[in-house]
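Engineer: based on what follows, work out the 3D shape:
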Amino acid sequence: MKKRCTAALVFCLLLTLASGVAYGEPLRLKVAYNPMPFNLPSIIERTWALLQQEGIEVEYESFTVGYAMSEAMAAGSLDIAPAMGLTSAVVARAGGRDIKITGVYSQAPAAFGLAVKPGTLDLGGLLGARIAVPIGTEAHLLLTQILAEQGLTIRDVQLVNMLIPDGLAALQSGQVDGAMVVEPVMSRLESAGQIEVIRDGTGLISGMTVTVIPERMLGSPALKVFEDAHGKSLRILTEERGAALQAAAEVLGLPLELVEHVAEKYSFQRDITPEVLQAIEDTVAFLFKEGVIRKPVPIDELL
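Structural biologist: This next block holds a predicted model:
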């Protein structure tokens, strides 16, 4: 009888842990929430309260740059960054941050581009141009590839290290000749006639963002619940696409038609495929070549 009671108690405890609650105390997660540039699964997860449905207490925090997320993880104030630029993740790991990539968040090469004022510059006139770009990012990688197509290198242009919003402001004021841009701002400004995108990332980059955690989160029950909730967000995006895009339009403050257009550029495939591994290797090689990191980071240290 005593053994049966003990077994029953263990079974109940396991059920409690699986639901995300132990002894009435919910699991807690500090999650980065950045609806921009175009993080649909995160918008769905929060709008549909998918983590809360699993008994998770969630604290959301927004970040404007990738390195701030890795710093927050190091300080213990962030548990999961659902969407971090691949370059930012590599730079953070190379800088000694104990982080791991748990999966791909999105790939959208066409969501990155080089913008100019309409009619002012074409691909053949990039030599010597002043171009605003955030150094050490996917946009920086794309710029090097665009230049290579034209037989040029980074040394053949004048780089101005600016975040995307600042670069676009500099473009509008005439301080630079070109600026790197990302969705959904790219389509919004282009449709308004304010910029001309002379080359996007199609065929040049993966345009990848990845999900990143501190190593302390590996194997944790909370991470498993997050992964399940993320999977649900992807199913909602497939099965309730209209509602999901409408929610994104409201959160982003953009017309539904524009959101639908931008969404077509994105893949939210989660798996780490051979193609993904190659993209990671290429990114590491680029960052090392450009001197952004001091030595290459082995893939097994990232995954």
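
Engineer: do a quick rundown of the strands in the protein.
Structural biologist: 21-22, 25-32, 56-61, 81-85, 99-107, 112-116, 130-133, 158-161, 178-182, 196-200, 208-214 (DSSP state E).

Engineer: and stretch 41-48, what's buried?
Structural biologist: 41-48 (16 or more other C-beta atoms under 10 Å). For every residue, glycine as well, the C-beta is placed using N, CA and C.

Engineer: which one of the residues you listed is nearest to Gly95?
Structural biologist: The nearest member of the buried residues of stretch 41-48 to Gly95, counting by C-beta to C-beta, is Ser42 at 24.8 Å.

Engineer: which ones are touching the closest one?
Structural biologist: When contacts are counted by C-beta atoms under 8 Å, 6 or more residues apart in numbering, Ser42 touches 33-35, 82-83, 233.

Engineer: if we can go back for a sec, just send the buried residues of stretch 41-48 back as CSV, with pLDDT and distance to Gly167 too.
Structural biologist: Formatted as CSV, the buried residues of stretch 41-48 follow (pLDDT from 0 to 100; distance: C-beta to C-beta, whole Å):
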residue, pLDDT, distance to Gly167
Pro41, 96, 27
Ser42, 96, 24
Ile43, 97, 25
Ile44, 97, 29
Glu45, 97, 30
Arg46, 96, 28
Thr47, 96, 30
Trp48, 97, 34
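
Engineer: which of the residues you listed fall in helices?
Structural biologist: The helices, defined by DSSP state H, take in 41-47 from the buried residues of stretch 41-48.

Engineer: related to what we said a few turns ago, most neighbours among the contacts of Ser42, please name it.
Structural biologist: Neighbour counts for those (other C-beta atoms under 10 Å) peak at Pro82, which has 26 neighbours.

Engineer: pLDDT of stretch 147-154, averaged?
Structural biologist: On average, the pLDDT along stretch 147-154 is 96.

Engineer: mind listing what's buried along it?
Structural biologist: 147, 152, 154.

Engineer: follow-up on the earlier one: need the ones in helices among the buried residues of stretch 41-48 in a markdown table with distance to Arg241, can you?
Structural biologist: Output for those, formatted as a markdown table (distance: C-beta to C-beta, whole Å):
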| residue | distance to Arg241 |
| --- | --- |
| Pro41 | 13 |
| Ser42 | 16 |
| Ile43 | 13 |
| Ile44 | 10 |
| Glu45 | 15 |
| Arg46 | 17 |
| Thr47 | 14 |
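
Engineer: of those residues, closest to Gly201?
Structural biologist: Nearest member of these to Gly201, counting by C-beta to C-beta, is Pro41, at 20.5 Å.

Engineer: which non-adjacent residue is nearest that closest one?
Structural biologist: Ser233 (4.2 Å; C-beta to C-beta, 6 or more residues apart in numbering).

Engineer: separation between the one you found and Val90?
Structural biologist: Counting by C-beta to C-beta, to the nearest Å, the gap between Ser233 and Val90 amounts to 25 Å.

Engineer: go on, Ala192?
Structural biologist: Taking C-beta to C-beta, one finds Ala192 at 34 Å from Val90.

Engineer: more neighbours: which of those two?
Structural biologist: Val90 (27 against 8).

Engineer: who's in contact with the more buried one?
Structural biologist: 280, 283-284, 287, 293, 297, 302.

Engineer: okay if I get those residues as TSV plus neighbour count and distance to Leu254?
Structural biologist: Listed next are those as TSV, based on neighbours: other C-beta atoms under 10 Å; distance: C-beta to C-beta, whole Å:
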residue	neighbour count	distance to Leu254
Ile280	23	31
Thr283	23	29
Val284	23	34
Leu287	23	32
Ile293	20	35
Val297	21	36
Leu302	21	33
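
Engineer: and the furthest pair within those residues?
Structural biologist: Ile280 and Ile293, at 13.1 Å, using C-beta to C-beta across the contacts of Val90.

Engineer: could you list the low-pLDDT ranges of this structure?
Structural biologist: 1-26 (pLDDT under 70).

Engineer: those helices in it, which residues are they?
Structural biologist: Under DSSP H, the chain gives helices at 2-18, 40-47, 50-53, 66-74, 86-94, 138-149, 164-172, 185-191, 221-239, 241-252, 256-263, 274-289, 299-302.
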